[in-house]
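Enquirer: pasting a predicted model and its sequence here:
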Amino acid sequence: MTLPRKLIPDLTTLQSFESAARHGNFTRAALELNLTQSAISRQIKDLETQLGVLLFERVRQRAILSEAGKRLLPEARRLLHQTEEMMIRAAAGADATATLSIATLPTFGSRWLTPRLAGFLAAHPGSQVDIASRSEPFDFEQESFDLAIHYGQPIWARATCTFLCDEKVVPVASPTLLQSDPVASPTELIHRPLLHLATRPRLWRQWFEHCDIDADPSYRGNRFDQFSMIIEAATMAMGFALLPLYLIEQELSSGKLQIVFDQPMSTENSYYVVTPDGKREHALGSAFTAWLLSQVSNKGTTEP
């Protein structure tokens, strides 16, 4: 469906609107955009006429957003941001034979994906990747990614989820903590300082249940919203952490962290490669998915 041209916004006008809203002043917006104050006023007036609503209320020397203006502002900012990203991607990929835009879980991207990425790029010379972190499912129609790495259930609107791997977590701690506060059995961990992932508050309790231990106090302890933060906290001897093995390969190898009890637990969700319906024929995306699967299978494990 093609929109009537009168409903397609002018980006220059939206820039003026966003700047005026941010400054609360047409003159400051004009200075920022290197325009005259009358030009800003005219563009805002044209936008108000186009929409049929009042966007600003003039109070003394300030321009105050009306209710309609407040509703429009986040949408205008989103459109301007998307346009800027589009231009940057187009310019950055000018010399590339193919480009791939990937959304990945933050710690998965930094700890597992990035260290291996050079191998994929070497196998696809001239290709370019654009990687951004996303922690939650999003609308592919609103964000122009070619694929995403997802932890959860294989459910994503207007997209296909391809199973990548399961996840196993183990209790770990720094040698310093283990020396100063040794534990002889999993039960003793209940009363030790535990580090929690805020988005998975029941993880420790599930691990204790996995070990057939009743652990009422298992929610106590410091909380962090990223595994990367917990890894750093654990290496600094702040507490015992329950972490996916694949995220701490370097720390285990270097001895910064040690497995406290070799009793891994498979978590209830898995990792998936998510391909939007409109990108199923994306050649580089298909190659990247196949490469990810090969990286998992080459280790002979169901975890990265």
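Expert: Yep, that arrived. Residues are numbered from 1 along each chain as shown.
Enquirer: got the contact list for stretch 139-159?
Expert: With contacts defined as C-beta atoms under 8 Å, 6 or more residues apart in numbering, stretch 139-159 is touched by 78, 82, 85-86, 100-105, 108-109, 113, 132, 134, 137-138, 161, 163-164, 167, 269-279, 282, 284-285, 288-289. (C-beta placed from N, C-alpha, C; glycine too.)
Enquirer: go on, stretch 103-116?
Expert: 131-135, 138, 143, 145, 147-151, 226-228, 231, 246-249, 271, 295, 304.
Enquirer: buried members of those residues into PyMOL, please.
Expert: Selecting only the buried entries of those in PyMOL, with 16 or more other C-beta atoms under 10 Å as the criterion:
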select buried, resi 131+134+143+145+147+148+149+150+151+226+227+228+231+246+247+248+271+295+304
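Enquirer: related to what we said a few turns ago, of the contacts of stretch 139-159, buried ones?
Expert: For these, buried by 16+ other C-beta under 10 Å: 100-105, 108-109, 113, 134, 161, 164, 167, 270-276, 279, 282, 284-285, 288-289.
Enquirer: which of the contacts of stretch 103-116 fall in helices?
Expert: Residues of the contacts of stretch 103-116 located in helices (DSSP state H): F227, S228, I231, E249, Q295.
Enquirer: let's have those in a markdown table, adding distance to H23 and pLDDT.
Expert: Shown next, in a markdown table, are those (distance: C-beta to C-beta, whole Å; pLDDT from 0 to 100):
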| residue | distance to H23 | pLDDT |
| --- | --- | --- |
| F227 | 40 | 94 |
| S228 | 36 | 93 |
| I231 | 42 | 97 |
| E249 | 49 | 90 |
| Q295 | 49 | 92 |
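Enquirer: from the contacts of stretch 139-159, which land in helices?
Expert: Filtering these for helices - DSSP H - leaves R78, Q82, E85, M86, F108, L284, G285, F288, T289.
Enquirer: need the max-distance pair from these.
Expert: R78 and T289 (28.3 Å; C-beta to C-beta).
Enquirer: off-centre distance for the helix or strand of the chain with the lowest mean pLDDT?
Expert: Ranking every helix and strand in the chain by mean pLDDT, DSSP states H and E puts helix 67-92 at the bottom, with a mean of 83. On the basis of C-alpha atoms, centre = their mean, to the nearest Å, helix 67-92 sits 19 Å off its chain's mean C-alpha point.
Enquirer: what residue in the chain is the furthest from its centre?
Expert: R60 (42.4 Å; C-alpha atoms, centre = their mean).
Enquirer: what segments of the stretch 201-304 of the chain are strands?
Expert: Per DSSP state E, counting those that start in this stretch, the stretch 201-304 of the chain carries strands over the ranges 222-224, 240-244, 258-259, 265-276.
Enquirer: from the contact counts, what lies against the first one?
Expert: This points to strand 222-224. strand 194-197, helix 227-235 (3 or more C-beta pairs under 8 Å, 6 or more residues apart in numbering; DSSP states H and E).
Enquirer: if I look at A118, how far off is I102?
Expert: 15 Å (C-beta to C-beta, to the nearest Å).
Enquirer: can you check L189 too?
Expert: The value you get for L189 to I102, if C-beta to C-beta is used, is 37 Å.
Enquirer: what angle do the longest strand seen in the chain and strand 265-276 make?
Expert: Taking DSSP state E as the criterion, the chain has its longest strand at strand 159-173. Orientation of strand 159-173 against strand 265-276 (axes from the mean of the first three to the mean of the last three C-alpha atoms, to 10 degrees) gives an angle of 150 degrees.
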